[in-house]
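# structure for the following, please:
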Amino acid sequence: MSSSQPVNTPNALNFTPDNKHCYAYSGPTLVGDGGPSGETTVIEFTTTSYYAVGDISIFVISDTTDDLEFLVKLNDNKVMEMNTTSFKDYAPYQPIPLIIPPFTKVTLSGFNSASGSKNVMMNFTGKAIGLTDVGYQ
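Predicted coordinates for the structure are as follows:
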C-alpha cells in the first residue's frame, strides 16, 4: 500500500500507513552564519501521545570546510550539539540515536560558525510506539 503523505512536509512528522514508523526529511535548507545568532530551524515538530525511537542524520550539501554546528532541542532545551569541523574530512556522518518522549516539541537546527550561509539537510527516521496499529502492511 502506498502512502498519500508527501516525502517532505515542513514542520511535520510523517507516518507510514500502518503507523509503525515515522520520518521527517528537511530537504535542502540554508543555515545562517555568525555563530548561534545565525541558527536556522531545519525541522520542527511536536509529538502527541506516542513516543519515537530513531536516528537523526545530518548532511552538508555545500562544498565547504567551514565548521557547521547542528543542534537538537527537546521542548526548547538543547540535548545535543554536533560539529562537522570540515565537510571534506568527516563525511559521511553517522546517524545519531534519539528517543523522543510523548508531547515533546522537537527542533533540529544548524548554523555556520564561519561566514556565509550553507546548504544542509537533517532527517529523522524511526519507529512510532504507542499509536494504534491500523492493520496496513
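# which residue ranges form the helices in the protein?
Along the chain, counting by DSSP state H, helices occupy 87-90.
# just the strands in it please.
14-15, 21-25, 29-31, 40-46, 51-60, 68-74, 77-83, 96-100, 105-112, 118-129 (DSSP state E).
# show me what contacts residue 113?
Residues in contact with residue 113 (Cβ atoms under 8 Å, 6 or more residues apart in numbering) are 33, 35, 66-69, 83. C-beta coordinates here come from the backbone N, C-alpha and C atoms, glycine included.
# chain neighbours aside, what residue packs nearest to residue 83?
Residue nearest to residue 83 in three dimensions, not counting chain neighbours: residue 69, with 5.5 Å by Cβ to Cβ, 6 or more residues apart in numbering.
# give me the neighbour count for residue 19.
16 (other Cβ atoms under 10 Å).
# give me the distance between it and residue 46.
17 Å (Cβ to Cβ, to the nearest Å).
# and for residue 23?
For residue 23, the distance to residue 46 - Cβ to Cβ - is 15 Å.
# of those two, which one has the most company?
More crowded of residue 23 and residue 46, by other Cβ under 10 Å: residue 23, with 19 against 14.
# correct me if wrong: that one contacts residue 13.
Yes - counting by Cβ atoms under 8 Å, residue 23 does reach residue 13; the two are 7.4 Å apart.
# shared neighbours, the two?
Listed as contacting both residue 23 and residue 13 by Cβ under 8 Å, 6+ apart are residue 124.
# kindly give a single PyMOL line that selects the buried subset of the contacts of residue 113.
To isolate the buried ones among these in PyMOL, judged by 16 or more other Cβ atoms under 10 Å, type:
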select buried, resi 33+66+68+69
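# distance to residue 76 and pLDDT for the contacts of residue 113 - can I get that in TSV?
Formatted as TSV, the contacts of residue 113 follow (distance: Cβ to Cβ, whole Å; pLDDT from 0 to 100):
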residue	distance to residue 76	pLDDT
33	23	81
35	19	72
66	26	82
67	24	84
68	21	86
69	17	90
83	21	84
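# format the contacts of residue 113 as CSV; extra columns: distance to residue 52.
Below are those laid out as CSV (distance: Cβ to Cβ, whole Å):
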residue, distance to residue 52
33, 31
35, 30
66, 31
67, 29
68, 25
69, 23
83, 25
